[in-house]
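J.: Sharing a sequence plus its predicted fold:
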Amino acid sequence: MAKLSMLSVFLCFLVLFHCSVAYGQQGGRRSPFGEQGQRGQRRQGDCQLNNLNAQEPQHRLQAEAGVTEFWDFDDDQFRGIQGVMMSGCPETYQSSQQQSEGGGRREGGGQRFRDQHQKIRRFREGDVIALPAGVAHWCYNDGDSELVAVIMEDTGNHQNQLDNNPRKFFLAGNPQQQGQGQQQQQQRERFRHREQRQERNFGNVFSGFDTEVLAEAFGVDRETARKLQGQDDNRGHIIRVEGDLQVLRPSRSREEQEEEERGREYGRRANGLEETICSARLVENINDPSRADFFNPRAGRLTTLNNFNLPILNFLRLSAEKGVLYRDAFMPPHYRLNAHCLLYATRGEAQMQIVDNRGQSVFNDRIREGQMVVVPQNFVVSKQAGNEGFEWVAMKTNENAMFSTLAGRTSALRAMPVDVVANAYQISRDEARRLKMNREETILMEPRRAGRIRSVA
Amino acid sequence: MAKLSMLSVFLCFLVLFHCSVAYGQQGGRRSPFGEQGQRGQRRQGDCQLNNLNAQEPQHRLQAEAGVTEFWDFDDDQFRGIQGVMMSGCPETYQSSQQQSEGGGRREGGGQRFRDQHQKIRRFREGDVIALPAGVAHWCYNDGDSELVAVIMEDTGNHQNQLDNNPRKFFLAGNPQQQGQGQQQQQQRERFRHREQRQERNFGNVFSGFDTEVLAEAFGVDRETARKLQGQDDNRGHIIRVEGDLQVLRPSRSREEQEEEERGREYGRRANGLEETICSARLVENINDPSRADFFNPRAGRLTTLNNFNLPILNFLRLSAEKGVLYRDAFMPPHYRLNAHCLLYATRGEAQMQIVDNRGQSVFNDRIREGQMVVVPQNFVVSKQAGNEGFEWVAMKTNENAMFSTLAGRTSALRAMPVDVVANAYQISRDEARRLKMNREETILMEPRRAGRIRSVA
Amino acid sequence: MAKLSMLSVFLCFLVLFHCSVAYGQQGGRRSPFGEQGQRGQRRQGDCQLNNLNAQEPQHRLQAEAGVTEFWDFDDDQFRGIQGVMMSGCPETYQSSQQQSEGGGRREGGGQRFRDQHQKIRRFREGDVIALPAGVAHWCYNDGDSELVAVIMEDTGNHQNQLDNNPRKFFLAGNPQQQGQGQQQQQQRERFRHREQRQERNFGNVFSGFDTEVLAEAFGVDRETARKLQGQDDNRGHIIRVEGDLQVLRPSRSREEQEEEERGREYGRRANGLEETICSARLVENINDPSRADFFNPRAGRLTTLNNFNLPILNFLRLSAEKGVLYRDAFMPPHYRLNAHCLLYATRGEAQMQIVDNRGQSVFNDRIREGQMVVVPQNFVVSKQAGNEGFEWVAMKTNENAMFSTLAGRTSALRAMPVDVVANAYQISRDEARRLKMNREETILMEPRRAGRIRSVA
């Protein structure tokens, strides 16, 4: 046990909610997707959006070998691997005879066995991982430092035909014992509110089947079948791997090379053969500054991930964005036309203001690293970074989320005739011209003078 | 009245719910689509899915010449014809002069009249009939035995912009009197629960219009208009035809030949001309063993019908499946990623188990011929046939419903590296390898030894 | 101030609801989209559709220079211009150097300034204007008479991910003072019903931001920023322009010529270059009798606007129709398969009857100019014009709304074999033939004799 590794082995089965854009990052916390983040139209009654709050992680999920949120921050490199199992897709990673012999010896069983399994994907800091609805997955941390993942499960997605309860299930482990205890406690509370007698058992999905059925289905004895159900497993949903995890995978350098090559294929037209769901690209990095879609050397940068640069998002109907604001830089009032936005602060802090359709301020507060805030569709938002700057990752409920700016070069005011501006605001044409033209930036602006625009929080 | 025939003449107007995949079969019962079957996301509040029940037919719809469910089973052949009327589509079945003269004479009026009407489709046992939202239809049983249809009306469909009440209406008859009495009673109960004063009249849709309006609209006298409203009609929604029903249609042999020819056209690309909604193929048979998509000579077979082999299902967003399990054969735990599944048992019995996301068993019971059970999206299900074997038909709320298996050759466990399996379940690599590899079958498995896997129900 | 003009300058921000098909017309009133018109499936519980009512305008929106509904009618020509601002689209209307000098001089500032802004569209009576979700817009009446717009905001649209509250916001003005007062009063009432403490401030969206933020975002002083918030603005949401509004636009004749040319392009296939969202055609006229899709010289005409003749409707998922019935002419019972229909009477009156799926009459009344009625999906409706004839405009919640007729040449009865009709209604074949064949018209019928079909209302 030389290293602490995190292996949520096929424990996390993202089932009911389409989605899950996971953002791998170093340091910071994990925050659950709050109530507001669920697409309101499918909830009963109206959305109560008079006061939005930045949300702290409400619980820590303890497990044998990790928790789902943690605070420590260090600069060590981490990398991980991940397996996504899709029923019906072929096992394309297959050991040759030679390798298998070695593998066989190492097992000690003396038996020759060639392992084969589905594709394994490597991930690193800054990766966004898209998981289609209903696929099983596991991930393994083989780096030297902790791994933090921010997970969004979109129960409002069109692929979810059931209610708004997140209904993922586990294929292994016994999450009730530790691990998901608290979260499920919460869920239980919500359940109980609706129906009085809700039982407390939350095992993996095999625990609901008769042992005989499992023994028959897998062609094993009852003892092994009982292990599937994980009744005596006290390790929770994240477990420790003794020694190295032995999986087949290409060498790292070859993998990266291929990744680069694939990167050049952007924009080619599909012919239906070159990419099926089985080999679809599910991982894309948005941390690299050179990939920024918006960049202002004195204000910051913004990198977006949508259905154009990660086509699987067409199925997920989600997109993501990574933002960096330098010290005191700010984003002027803007709104998203077609999506809710879940913003999670990964570094620093910012002063954020959110205004609703009636011109009411529903949020005017600081948001710090590890906090999360949901900006509903069409609510207008502005933010200014603090002294340390501000970084965030945002996930949006549309595969091609769009925003509209109210100030700057791409704004509605810029698009109007000067005379219309002057009449609308009862100002002179000169003032109107200034209002239209004074700011040439689009969404990332540098402050005219250093410091907070507004000192009181 | 030499034969008893079933003629739901344009009585059943599938209006509000998109769909209706009807499955024509001999013997067995008809069961209504239960509450759970409605797509929950559009219902208010959460789905209460802690206990699923197999459902017996709750009522028998009496009519002059039939009921909608019946039990008797015999081996005689039946065939029927069906008309689907689409407003705006041409009347493509037209009698020639000669035929019309004969027809004219038979009518006794002495008047020459060439009848013409829209396409008529023949159906037989095992056919699935897809009815687009809002089209009118009638069907006629010209065989020697009774006809059983299982009808699913998908009120949760995207084409339904109203609430979840099934809102089909009748173009003829007076269903309130007999026929739909009980069903509407039920509906009334549900209505009354919401709004106190719900009136009790359920006539055909013409009964709501003033007689004068109908007389004018059809250019007939008031006496005939009153007949449209069916006030004095006591026959219910299924009526008896005296003598033969005279409709224009190709001879049976020619029809079958054409059907075969069309069958070969699968996979050709559309050019927009060869098939419009007016001539779309609406009927497809899934009873033929040679069409099976999954087949295990020692376990059974599974035939699916989806948007690839019946393109109209793209519009309906529904699919169907016919399954046969031989004695003691079973299906290992699996779940549907993107659809609810309404399973109706057509022969024999099976032991079924359904487990929810929390690892709770919500159904563990026998399901017999004539019963129906709904398996919600992402709930894991297994079943084993009884001594007589088991047959069923299932309708699914996605035009290309997909399932994932948890055991067998296409399962998630098979797709994982042995080392991941071993660590996840705390078993040796040998055990893990057996768990992965012992079962080579996919979804249809033969039992390792005869008899029930689990003897207690 | 030679002319009264209406300038809802970027006040009306159609944000939350996808849509807004606006119908510009002379005379008549504006009516809000009633409760029933919201797509019921997303509302909680069931739709209560036992009694539909024709709706009068419930409030008049007062503003300095206009109200949103008015009654006066005159034959003077009006024309208007409209700007739709889409963030990110280029400013394609740009003054040349010479023009700009003139413009600069006129401003009195002596400063040379070349204005540029986004495309401006001209509209006239009978135009339907489609506004995509989330775009800002303003419009200006430069004609001699009043302008009436009927606006439908489709909160049930798929682009709205929030609740069913209309959540448009204003970019200028101070609508709380006059203008939207009453409407918002209503909204407030609804809000209060749900949550007790709802504040009363309804300013434009800038009023919710700190003045410093606005000053920084626009690069102006605080005084100008305060003007943006419109605190002291008492003019409401429609304001008066002193003198002429100076905007860049092509001469009228050139504009019309181009419009005609574009009209010929219908049916060409897109190659992705010729029309982006920035230059999409948003306006289409449906008043011209020569464009009618249905025409009966003795009964009237019907003109439809759908995704085929206005492609932007594919994004809006809405369509529109303009109907004219001559004196005593009528439309036989018909229903819409896939859409709700919001009918607004623009001239004359008609007797309308609406029947639900249970054969119950839910509306049987006269509808007069200025009234609105909602016909839910699959409800059967008929109408007969009064002595003055009847004109209406209808908006439908599907980009290609379809109707089915129950009488006439395209009806379901016409599509059935005579023998089926005879058996269904217990009538002779002769009667059945008359029922099928007596009416050759489709949807627009002339009365067999003059006068009301049914004299009592």
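T.: Great, that's in hand.

J.: ok, residue A:367 touching residue A:346?
T.: No. Judged on CB atoms under 8 Å, residue A:367 makes no contact with residue A:346 at a distance of 11.1 Å. No exception for glycine: its C-beta is placed from N, CA and C like everyone else's.

J.: my guess is residue A:416 meets residue C:83, correct?
T.: Yes. With contact defined as CB under 8 Å, residue A:416 reaches residue C:83; the gap is 6.0 Å.

J.: quick one, which of the two is more surrounded?
T.: Shown here are residue A:416 and residue C:83; by other CB atoms under 10 Å in any protein chain shown, residue A:416 has more neighbours (30 against 24).

J.: How about that one, nearest residue that isn't a chain neighbour?
T.: In this structure, residue A:416 finds its nearest non-sequential neighbour in residue C:117, 5.5 Å apart by CB to CB, 6 or more residues apart in numbering or on different chains.

J.: Provide the backbone phi and psi angles at that neighbour.
T.: phi -160, psi 180 (degrees, to the nearest 10).

J.: Pull the contacting residues for it.
T.: A:414-418, C:83, C:91, C:93, C:247-248 (CB atoms under 8 Å, 6 or more residues apart in numbering or on different chains).

J.: Residue A:391 too?
T.: Residue A:391 neighbours (CB under 8 Å, 6+ apart): A:322-325, A:345-348.

J.: swap in residue A:383?
T.: Counting by CB under 8 Å, 6+ apart, residue A:383 has contacts A:325, A:330-331, A:350-353, A:367, A:390.

J.: That one: which element?
T.: If you go by DSSP states H and E, residue A:383 is part of strand A:380-396.

J.: Residue A:349 now?
T.: strand A:341-355.

J.: related to what we said a few turns ago, neighbour-wise, which one of the contacts of residue C:117 leads?
T.: residue A:416 leads the contacts of residue C:117 on contacts (other CB under 10 Å) with 30 neighbours.

J.: Which pLDDT value goes with it?
T.: Looking at residue A:416, its pLDDT reads 87.

J.: Distance of it relative to residue C:211?
T.: 21 Å (CB to CB, to the nearest Å).

J.: For chain B, what's the nearest residue on the stretch 51-200 of chain A?
T.: Per CB to the nearest CB, residue A:134 is where the stretch 51-200 of chain A lies closest to chain B, at 3.0 Å.

J.: Please read the previous query as pertaining to the stretch 251-400 of chain A.
T.: residue A:277 (9.8 Å).

J.: ok, now which ones touch that residue?
T.: A:86, A:89, A:132.

J.: Can you flag which of these belong to helices?
T.: Using DSSP state H, no member of the contacts of residue A:277 falls in helices.

J.: got TSV for those, with distance to chain B and pLDDT too?
T.: TSV is the format used below for these (distance: CB to the nearest CB, whole Å; pLDDT from 0 to 100):
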residue	distance to chain B	pLDDT
A:86	7	77
A:89	7	79
A:132	8	84
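
J.: Of these, which is the most crowded?
T.: Greatest neighbour count in these, by other CB under 10 Å, goes to residue A:86: 23 neighbours.

J.: give me phi/psi at the closest residue to the residue of the stretch 51-200 of chain A closest to chain B other than its chain neighbours?
T.: With sequence-adjacent residues excluded and distances taken as CB to CB, 6+ apart, residue A:134 is closest to residue B:337, at 3.0 Å. Dihedral pair for residue B:337: phi -70, psi -40, per degrees, to the nearest 10.

J.: from memory residue B:337 sits against residue B:403, does it?
T.: Yes. Contact status for residue B:337 versus residue B:403: in contact at 7.0 Å, counting by CB under 8 Å.

J.: picking that back up, the strand holding residue A:383 pairs with which strands, parallel or anti?
T.: Sheet pairing of strand A:380-396 (DSSP bridges) gives strand A:319-325 (antiparallel), strand A:330-336 (antiparallel), strand A:341-355 (antiparallel).

J.: what's the following helix or strand after that strand?
T.: From strand A:380-396, the next helix or strand downstream (DSSP H and E) is strand A:403-405.

J.: in that following strand, what counts as buried?
T.: Within strand A:403-405, the residues that count as buried by 16 or more other CB atoms under 10 Å in any protein chain shown are A:403-405.

J.: Stretch A:203-215 too?
T.: Result for stretch A:203-215 [16+ other CB under 10 Å]: buried residues A:203-211, A:213-215.

J.: Restricted to strands, list those residues.
T.: Among the buried residues of stretch A:203-215, DSSP state E puts none in strands.

J.: Out of these, which one has the weakest pLDDT?
T.: residue A:203 (80).

J.: hang on, isn't that one packed against residue A:231?
T.: Yes. With contact defined as CB under 8 Å, residue A:203 reaches residue A:231; the gap is 7.3 Å.

J.: Counting neighbours, what do you get for the closest residue to chain C within the stretch 151-300 of chain A?
T.: Residue of the stretch 151-300 of chain A nearest chain C, by CB to the nearest CB: residue A:156 (7.3 Å). Neighbourhood size, residue A:156 [other CB under 10 Å]: 22.

J.: Could you verify my assumption that it touches residue C:161?
T.: Yes. Between residue A:156 and residue C:161 there is a contact under CB under 8 Å: 7.3 Å.

J.: How about the contacts made by the residue nearest to residue A:399 when sequence neighbours are not counted?
T.: Closest residue in space to residue A:399, ignoring its immediate chain neighbours: residue A:307 at 4.1 Å, by CB to CB, 6+ apart. Counting by CB under 8 Å, 6+ apart, residue A:307 touches A:313-314, A:319, A:399-400.

J.: one step back: just the buried residues of stretch A:203-215 that are near chain B?
T.: A:203-210, A:213-214 (CB under 8 Å from any CB of the partner chain).

J.: list the buried ones in whatever helix or strand residue A:82 lives in?
T.: In this structure, residue A:82 sits in strand A:79-85 according to DSSP H and E. By neighbour count with 16+ other CB under 10 Å, strand A:79-85 contains the buried residues A:79-85.

J.: Could you list the residues in contact with that strand?
T.: Outside strand A:79-85, the residues that touch it by CB under 8 Å, 6+ apart are A:6, A:10, A:24, A:117-124, A:129, A:131, A:135-143, A:147, A:247, A:249, A:282-283, B:412, B:415-417, B:420.

J.: What's the first helix or strand after it?
T.: Following strand A:79-85 toward the C-terminus (DSSP H and E): strand A:93-94.

J.: so what does that next one touch, helix or strand wise?
T.: The contact analysis (3 or more CB pairs under 8 Å, 6 or more residues apart in numbering or on different chains; DSSP states H and E) places strand A:93-94 against strand A:116-117.

J.: what pairs with the strand it packs on, and is each one parallel or antiparallel?
T.: strand A:93-94 (antiparallel).

J.: List of residues touching the strand it pairs with?
T.: So strand A:93-94 is contacted by A:114-120, A:247-249 (CB under 8 Å, 6+ apart).

J.: Kindly export the strand holding residue A:349 (C-alpha atoms) in PDB.
T.: Below are the C-alpha coordinates for strand A:341-355, written out as PDB (Å, rounded to 0.1, in the frame of the first residue of the first chain):
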ATOM      1  CA  CYS A 341     -25.400  27.500 -15.500                       C
ATOM      2  CA  LEU A 342     -23.900  25.800 -12.500                       C
ATOM      3  CA  LEU A 343     -20.800  27.700 -11.500                       C
ATOM      4  CA  TYR A 344     -18.200  26.100  -9.200                       C
ATOM      5  CA  ALA A 345     -15.300  28.200  -7.900                       C
ATOM      6  CA  THR A 346     -12.000  26.400  -8.200                       C
ATOM      7  CA  ARG A 347      -9.600  29.200  -7.000                       C
ATOM      8  CA  GLY A 348      -9.700  32.600  -5.500                       C
ATOM      9  CA  GLU A 349     -12.900  34.600  -5.000                       C
ATOM     10  CA  ALA A 350     -15.200  37.000  -6.800                       C
ATOM     11  CA  GLN A 351     -18.000  39.400  -6.100                       C
ATOM     12  CA  MET A 352     -21.000  38.200  -8.000                       C
ATOM     13  CA  GLN A 353     -24.300  39.800  -8.700                       C
ATOM     14  CA  ILE A 354     -27.400  38.100 -10.200                       C
ATOM     15  CA  VAL A 355     -30.500  40.000 -11.200                       C
END
